[in-house]
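Visitor: Here is a sequence together with a model predicted from it:
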Amino acid sequence: MALTVNDIAAVDGQNPSYANRAGSRKTTITPFSEVLKQQEKNLNVSEASKENISTEKTSSQKAENTSAGHVAETKGTTGTRHSDGTLTTTLSDIFRRASEKYGVSYEFLTAVAKAESNFNPNCVSSAGAKGIMQIMPAEAKGLGIQDIFDAEQNIMGSAKLLAAHLKKFNGDTTLAAAAYNAGSGRVKQYGGVPPFKETQNYVKKIAAYMKEGVTVPDKTVTVSPNKLSGDVTKSQKKAGSTSDQTGTDALNAVAATEEELNQSMVVVGSGDSAVKMTYGAYQRYLELGSLGVG
């Protein structure tokens with residue numbers, strides 16, 4: 001099954017549709033701007049009516065979860081800047097600056113890095129995820145990553161995405177970790193951690209790492225900071241709040257069954273510039289934009 005989207009850059013202003021090739025029913029992809037508006041209405045109704053929803057917590061429980069770990073405070077990098085714009089520093093220094101800039105606890109960041117790649121900047125998964133926090137190439141551009149194997153850019157981009165997930169889920173590290181693994185749309189769809197074995201095990205692993213504490217390898221790297229890092233010579237405490245993250249995520253805008261989504265492909269663009277991807281990858285593209293990380 002294939003879906004055709006003529007111009008992904010103009011998703012906000014178009015309302016493309018596709019036909020289910022297994023039958024005559026049509027499924028419509030709602031314009032992106034309308035998805036966001038409708039999402040807010042749906043969430044308000046849903047939260048008011050689902051008193052026993054699995055992700056609902058008391059104020060004290062949320063506060064306890066949010067405060068797990070601490071946001072690092074720095075005076076800038078401990079590394080050495082070079083005339084060619086590169087920076088020689090340590091992995092732990094990058095994580096501290098990423099924590100400070102994006103308002104994500106150091107413990108949470110390093111736990112995710114441990115689970116994703118065990119701090120290997122050259123790690124490549126069987127699915128094609130790359131670098132320390134395992135970014136998919138299709139996500140890199142939207143996150144502002146120019147070199148996916150650059151430890152500085154990869155960690156900063158991952159911290160930016162985690163910050164958006166944390167804001168979306170009221171600082172809940174369990175749900176933010178689930179969203180990092182399975183997508184925030186799935187977390188919303190299931191009202192909590194999705195019932196996928198991989199995601200269930202993933203959030204448990206993150207929680208265990210945060211509780212036990214993770215030691216970042218004492219490793220020196222030479223990297224090329226870009227705008228994701230801000231000014232590496234100065235503290236990013238003021239500039240690094242998560243207020244620039246929208247924290248708004250598009251819900252699944254397609255009224256299709258799970259089986260249909262798994263079998264569907266999207267053709268983005270046309271002619272020689274056409275790119276074919278799974279519907280999940282297309283949904284991920286929309287998610288990145290709506291989270292404010294594009």
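Guide: Yes, it's here. Residues are numbered from 1 along each chain as shown.

Visitor: contacts and neighbour counts: CA atoms only from here.
Guide: Fine.

Visitor: Residue 139 is in contact with residue 129, correct?
Guide: No: at 9.6 Å, residue 129 and residue 139 do not qualify as touching, with contact defined as Cα atoms under 8 Å.

Visitor: And stretch 140-149, what's buried?
Guide: Of the residues in stretch 140-149, those scored as buried under the neighbour-count criterion (16 or more other Cα atoms under 10 Å) are 140, 142-149.

Visitor: What average pLDDT does that stretch get?
Guide: Mean pLDDT, computed over stretch 140-149, is 96.

Visitor: end to end, how far does it reach?
Guide: As for stretch 140-149, its first-to-last residue distance stands at 10 Å under the measure Cα to Cα, to the nearest Å.

Visitor: quick one, strands of this protein?
Guide: 2-5, 17-19, 26-28, 80-81, 87-90, 220-223, 265-268, 275-278 (DSSP state E).

Visitor: And the ones you listed, which one averages the lowest pLDDT?
Guide: Lowest mean pLDDT of the strands of the chain: strand 17-19, a mean of 34.

Visitor: gap between residue 165 and residue 90?
Guide: From residue 165 to residue 90 the distance is 26 Å (Cα to Cα).

Visitor: which of those two has more neighbours?
Guide: Remark: of residue 165 and residue 90, residue 165 carries more neighbours, 28 against 21, as counted by other Cα atoms under 10 Å.

Visitor: Grab the nearest non-local neighbour of that one.
Guide: With sequence-adjacent residues excluded and distances taken as Cα to Cα, 6 or more residues apart in numbering, residue 165 is closest to residue 176, at 5.0 Å.

Visitor: For burial, what's the neighbour tally of the one you found?
Guide: Neighbour count of residue 176, defined by other Cα under 10 Å: 27.

Visitor: swap in residue 196?
Guide: Other residues near residue 196 come to 11 when the count uses other Cα under 10 Å.

Visitor: check contacts around it.
Guide: Contact criterion Cα atoms under 8 Å, 6 or more residues apart in numbering gives no residues in contact with residue 196.

Visitor: Model confidence for it, exactly?
Guide: 95.

Visitor: Against residue 163, how distant is it?
Guide: Note on residue 196: its distance to residue 163, by Cα to Cα, is 23 Å.

Visitor: can you check residue 171 too?
Guide: Residue 171 sits at a distance of 9 Å from residue 163 (criterion: Cα to Cα).

Visitor: Quick check on the two: which one has the bigger neighbour count.
Guide: Of the pair residue 171 and residue 163, residue 163 is the one with more neighbours under other Cα under 10 Å, namely 30 against 21.

Visitor: hang on, isn't that one packed against residue 104?
Guide: Yes: under the contact definition of Cα under 8 Å, residue 163 touches residue 104, with a separation of 5.9 Å.

Visitor: measure residue 237 to residue 161 for me?
Guide: Between residue 237 and residue 161 the computed distance is 18 Å (Cα to Cα).

Visitor: These two: which is more packed in?
Guide: For the pair residue 237 and residue 161, the greater number of neighbours falls to residue 161 (23 against 19), based on other Cα under 10 Å.

Visitor: Can you name the residues that contact the closest residue in space to residue 154 that isn't next to it in sequence?
Guide: With Cα to Cα, 6+ apart as the criterion, residue 154 has its nearest non-adjacent residue at 5.7 Å, and that residue is residue 148. Residue 148 is in contact with 130-131, 135, 137, 140, 154, counting by Cα under 8 Å, 6+ apart.

Visitor: Residue 225 versus the residue nearest to residue 165, what's the distance?
Guide: 26 Å.

Visitor: same thing with residue 146?
Guide: Taking Cα to Cα as the criterion, residue 146 is separated from residue 225 by 10 Å.

Visitor: Now the common contact residues for those two.
Guide: Residues touching both residue 146 and residue 225 (Cα under 8 Å, 6+ apart) are residue 153.

Visitor: pLDDT-wise, which helix or strand of this structure ranks last?
Guide: Of all helical and strand segments in the chain, the minimum by mean pLDDT, DSSP states H and E falls on strand 17-19, at a mean of 34.

Visitor: quick one: contacts for residue 200?
Guide: Listed by Cα under 8 Å, 6+ apart, the contact set of residue 200 reads 178, 193-194.
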